[in-house]
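K.L.:
Sequence plus the predicted model coming up.
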Amino acid sequence: MSNMSLWDKVSKTNPAYTKKVNQRGGFTAIDAQYQVMEATEQFGAFGEGWGVTNERFTTLDGGVMLYQATFFWGKDKSNEFDISSSIIYNNNGRIDADFAKKVATDALTKALSKLGFNADVFMGKFDDNKYIQEVTREFAPKAKVATKEEVEKAIAGLQASGSIEDLKTFFMGLEKHVKSNKDVVAAKDETKNKLS
């Protein structure tokens with residue numbers, strides 16, 4: 001296993017889970033739930049294969065809250081490092097009700113980034129429109145193509161139809177990728193002509 005194997009698996013970000021934020025000079029925000037899904041795919045369930053322990057919130061001067069925790073990954077929890085983040089939670093007497101979630105999510109994002117998750121965003125590649133177009137194509141759903149077995153089964157079912165209504169019902173029940181196959185369409189039309 002290469003030192004870069006995990007990084008290479010998780011460094012590219014699906015643009016569908018990002019958005020441009022026009023604050024603090026502008027940046028690309030990554031959907032936190034997408035990050036959780038990606039980490040779960042690599043390590044297993046949160047709290048088992050990866051997660052945080054020893055969470056601590058400390059109030060500092062100026063309405064600042066410091067979050068500290070230990071991030072771990074691996075079933076035996078042997079891989080770990082400390083993480084932290086801070087947030088202004090009290091702005092002139094106005095308390096941010098979501099401060100704990102925001103600061104914990106920020107720290108988790110930073111932890112995952114150290115392992116290579118969403119590295120393309122953190123390396124500034126999302127500032128390049130050509131890169132975004134390339135990665136959008138890469139993450140685009142691939143068109144499903146009917147297998148030989150699916151086509152043969154569909155054609156046999158179409159040819160066995162005893163009436164136009166049976167033919168229509170059978171054809172409408174086929175999956176889209178099978179229905180759009182040219183041989184299946186030809187068999188439907190041929191059977192329809194025989195039954196007419």
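P.N.:
Right, received. Where do you want to start?

K.L.:
contacts, neighbours, all on C-alpha from now
P.N.:
Fine.

K.L.:
low-confidence ranges in the protein?
P.N.:
Applying pLDDT under 70 to the predicted model, the residue ranges of the chain that meet it are 1.

K.L.:
now the longest helix along it, how far from the centre of its chain.
P.N.:
In the chain, with assignment by DSSP state H, the single longest helix is helix 99-114. For helix 99-114, the distance between its averaged C-alpha position and the chain's averaged C-alpha position is 17 Å (C-alpha atoms, centre = their mean, to the nearest Å).

K.L.:
Now do that helix: which elements does it pack against?
P.N.:
Contacts of helix 99-114 with other secondary structure elements, assessed using 3 or more C-alpha pairs under 8 Å, 6 or more residues apart in numbering; DSSP states H and E, are made with helix 32-43, strand 64-73, strand 79-88.

K.L.:
send the alpha carbons of the very next helix or strand once past the longest one over as CSV?
P.N.:
The C-terminal neighbour of helix 32-43 among helices and strands, as given by DSSP states H and E, is strand 50-60. Taking Å, rounded to 0.1, in the frame of the first residue of the first chain, the C-alpha atoms of strand 50-60 are listed here in CSV:
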residue,chain,number,x,y,z
TRP,A,50,-13.5,6.7,12.6
GLY,A,51,-14.7,9.7,14.6
VAL,A,52,-13.8,12.0,17.5
THR,A,53,-13.2,11.4,21.2
ASN,A,54,-12.4,13.6,24.2
GLU,A,55,-14.5,16.6,22.9
ARG,A,56,-13.9,19.8,24.9
PHE,A,57,-15.4,23.2,24.6
THR,A,58,-13.5,26.1,26.4
THR,A,59,-14.8,29.6,26.7
LEU,A,60,-12.2,32.3,25.9
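
K.L.:
Now do the contacts for the residue nearest the centre of the chain.
P.N.:
Centrality entry for the chain: nearest residue to the mean C-alpha point is residue 34, 4.7 Å, by C-alpha atoms, centre = their mean. For residue 34, the contacting residues are residue 17, by C-alpha atoms under 8 Å, 6 or more residues apart in numbering.
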